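K.L.:
here is my input, please return the structure:
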Amino acid sequence: MAAPSKRSSRPTPVRKAWRSLTWLGVIIALLFGINAAGVIWGEGSWTPKLALDLEGGTQIILAPKVESGADVSQEQLDQAVAIIRQRVDASGVAEAEINTEGDNVVVRIPGELDDQTRARIEQSAKLELRAVLLADAATNQAIEPSASPSPSDAPEEELESTPTAVPTDGSDPAWVTPALQAEFDSYNCAQMDETTEVAPADEPLVTCDVSRTAKYLLGPVEASGENIVDATNGMVQTQTGASTGQWAVNIVFDDEGTDDFAKVSTRLFGLQGQTPRDQFAFVLDGAVLTAPAMNGAITDGRPQITGSFTQESSKALADQLKFGALPISFTVQSTETISPTLGTSQLQSGLLAGLIGLILVVIYTLFQYRALGSVTIASLVIAAIITYLTITILSWREGYRLSLAGIAGLIVAIGFTADSFIVYFERVRDELRDGRPLVGAVEAGWKRAFRTILASKGVNLLAAIVLFILAVGSVKGFAYTLGITTIIDVIVVILFTHPMLQLLAQTRFFSSGNPWSGLDPNALGAVYRGRAEFRKPTAEVAGKKAASSAKEAQRRQTIAERKAAAVGAGDTSNEGKES
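P.N.:
Residues are numbered from 1 along each chain as shown. Below you'll find the model as predicted:
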């Protein structure tokens, strides 16, 4: 007695199709839920944020602040623009315009400028590292409008301002002259503002910390913030790798900065216990960010700053150290609101162009593929929904803004997306021409088309990545949307287009080869013979096709090929007569 056959555990095409459609529904629901959560509990919106060219924003003009008689080079301005752009990008603002106009740096930010981003831009002074000579609690007395903002000048004129001995290093007490000591003692932190004059790098500096709770007398500049490669925040770890729960700021210097800091840290570590001379101050915008004590000689260029940090304060300090190393100092010359550079008319024109392109794609697919074209239309709708939700989420989560160039990327993506469907449909038609049944043609056509689609989309994605890396300004928006839509295109083809064809292949309308289905066997050169089976064209049909192909080949022959054929025909005729 034969053993009962076991049903195959492999899923059928219908099960695979429903499984893929379920995953697609989960993805759309997840995107919708994330956006809804942002609208309810966050700063999200159901519409994407627009860029500077479509919405307008805020313009900040930064004027260079240099020592008397000094000039600003174009190289310094270009370096400042690059660093300020890093600051703006780190705050999550996209589509910002940062360039130079004369000796000024102009920053244009789309939309309303928040306080955090404003602080990143306006804190644009040169970062300096100085040794601490003296430190004391700050004096913050109210200053009368008529009072002079500087310490009393009369005593200082009578005091000696030249060191009695030549200082040997930045921590040498010889820097502290009687005049400098008097200035430090009488210094009022309330008189300190954001436009503190730039102190010469080779002279001491009297200043306060950013919170105005302590005042310092600092030695000359011994290391520059320009030599800081990176600065991050993180938890302090023990030698075994365990976390201590204490936040710290980790700094990485380049080779020059490593040498400079190694010399300073070795000297300050030797002064350990002689507070505050064992401290080292990071000075930004004329104010002390932090002045930690040196607990060891740092020779690898990777110092770590610890203290009473929180996650937020350590992150803020790391950003200031990382993005504060401008080659020159700046002061805010003006801040104003600017109008859109293009406006709503250009936005409407761009959307109209996209609508026209979409209508043309729909007309072409319906004309070429008839009912099968409805799958293309539905796929484009699904792709549009996913793209819209993705762009909207990126707007409030990552600060992405949609510019006219980004809209152009979305319009171009319509043609790229439709191209994937056409490749797939034509592969299925080729399988039908070979005599396969529709269900088998869909599966075989998908295997062939999927490789082609991946290769095509891989090239598109690579082009978008390269363009995004190399481009500046609004062109990045074009590359960004092009890359996103390319990924979404592959997802839609896998999770919607192919599953829909798998389900439609089971319906009577498509499996019977209805002329309006777009998969008519007679029109494709294969003859339907019932039960979802096809046979190859009959000999009569094949003969007609062969004759048609021969005529076409003869028509495409060159003159030399025709003469050769005529000579060959003459030789054959003569041979027949001789025999």
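
K.L.:
so what would you say the end-to-end distance of stretch 115-135 is?
P.N.:
One end of stretch 115-135 to the other measures 31 Å (C-alpha to C-alpha, to the nearest Å).

K.L.:
ugh, wrong one, I meant stretch 433-441
P.N.:
In stretch 433-441, first residue to last residue: 9 Å (C-alpha to C-alpha).

K.L.:
checking residue 130 next. Helix, strand or coil?
P.N.:
Recorded secondary structure, residue 130: strand (DSSP: H, G, I helix; E, B strand; the rest coil).

K.L.:
got a list of what it touches?
P.N.:
By C-beta atoms under 8 Å, 6 or more residues apart in numbering, the residues touching residue 130 are 170, 205, 218-222, 280-281, 283. From N, CA and C alone the C-beta is placed, and that goes for glycine too.

K.L.:
go again using 6 Å as the cut-off
P.N.:
Residue 130 makes contact with 218-219, 221, 281, 283, according to C-beta atoms under 6 Å, 6 or more residues apart in numbering.

K.L.:
any idea how far residue 516 is from it?
P.N.:
82 Å (C-beta to C-beta, to the nearest Å).

K.L.:
likewise residue 276?
P.N.:
88 Å.

K.L.:
from the neighbour counts alone, determine which of these two ranks first.
P.N.:
residue 276 (19 against 11; other C-beta atoms under 10 Å).

K.L.:
would you indicate which residues of stretch 128-141 are buried?
P.N.:
Neighbour-count burial for stretch 128-141 flags 128-135, 138 (criterion: 16 or more other C-beta atoms under 10 Å).

K.L.:
which one is residue 85 nearest to, not counting chain neighbours?
P.N.:
In space, and not counting its chain neighbours, residue 85 is closest to residue 98: 4.9 Å by C-beta to C-beta, 6 or more residues apart in numbering.

K.L.:
now residue 494: closest residue in space, sequence neighbours ignored.
P.N.:
residue 20 (6.9 Å).

K.L.:
please identify the buried residues of the helix or strand hosting the one you found?
P.N.:
Following DSSP states H and E, one finds residue 20 within helix 13-41. For helix 13-41, burial by neighbour count (16+ other C-beta under 10 Å) applies to 13, 17, 20-21, 24, 31, 34-35, 38.

K.L.:
which of the three states applies to residue 136?
P.N.:
Applying three-state DSSP: residue 136 is strand.

K.L.:
what is the neighbour count of the residue nearest to it when sequence neighbours are not counted?
P.N.:
Of all residues not flanking residue 136 in the chain, residue 215 sits nearest, at 5.7 Å (C-beta to C-beta, 6+ apart). Using other C-beta under 10 Å, residue 215 is surrounded by 23 other residues.

K.L.:
quick check: pLDDT value at residue 215.
P.N.:
At residue 215, the model reports a pLDDT of 91.

K.L.:
tell me where this structure has strands.
P.N.:
57-65, 97-101, 104-110, 128-137, 205-208, 214-224, 228-237, 243-253, 280-284, 287-290, 304-306, 329-338, 527-528, 534-535 (DSSP state E).

K.L.:
how close does the spatially closest residue to residue 212 that is not a sequence neighbour get to residue 281?
P.N.:
Spatial nearest neighbour of residue 212, chain neighbours left out: residue 189 (4.4 Å); criterion: C-beta to C-beta, 6+ apart. The gap separating residue 189 from residue 281 is 15 Å, by C-beta to C-beta.

K.L.:
next, the contact list for residue 257, please.
P.N.:
Here residue 257 is in contact with residue 227 (criterion: C-beta under 6 Å, 6+ apart).

K.L.:
I meant residue 488, not that one.
P.N.:
Taking C-beta under 6 Å, 6+ apart, we find residue 488 in contact with 383, 386-387.

K.L.:
now the longest helix belonging to the chain against helix 13-41, angle please.
P.N.:
Using DSSP state H, we find that the single longest helix of the chain is helix 438-470. Interaxial angle of helix 438-470 relative to helix 13-41 (axes from the mean of the first three to the mean of the last three C-alpha atoms, to 10 degrees): 40 degrees.

K.L.:
how many residues are close by residue 450?
P.N.:
Neighbours around residue 450, by other C-beta under 10 Å: 18.

K.L.:
do residue 306 as well
P.N.:
By other C-beta under 10 Å, the residues close to residue 306 number 14.

K.L.:
measure residue 104 to residue 336 for me?
P.N.:
The gap separating residue 104 from residue 336 is 14 Å, by C-beta to C-beta.

K.L.:
then residue 13?
P.N.:
From residue 13 to residue 336 the distance is 62 Å (C-beta to C-beta).

K.L.:
next: residue 244.
P.N.:
Taking C-beta to C-beta, one finds residue 244 at 47 Å from residue 336.

K.L.:
okay, those two: which has more neighbours?
P.N.:
Neighbours were counted for residue 244 and for residue 336 using other C-beta under 10 Å; residue 244 has more, 11 against 8.

K.L.:
spatially nearest residue to residue 497 (excluding sequence neighbours)?
P.N.:
residue 379 (4.8 Å).

K.L.:
wait, the one you found touches residue 492, no?
P.N.:
Yes: Residue 379 is in contact with residue 492 according to C-beta atoms under 6 Å; the separation is 5.4 Å.

K.L.:
could you dump the contacts of residue 488 to TSV with pLDDT?
P.N.:
As requested, the contacts of residue 488 are arranged in TSV below (pLDDT from 0 to 100):
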residue	pLDDT
383	92
386	94
387	92
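
K.L.:
which of those sits closest to residue 468?
P.N.:
Taking C-beta to C-beta as the measure, residue 468 lies nearest residue 387 of the contacts of residue 488, at 17.0 Å.

K.L.:
neighbours of that closest one, how many?
P.N.:
Taking other C-beta under 10 Å as the criterion, the count of residues near residue 387 is 20.
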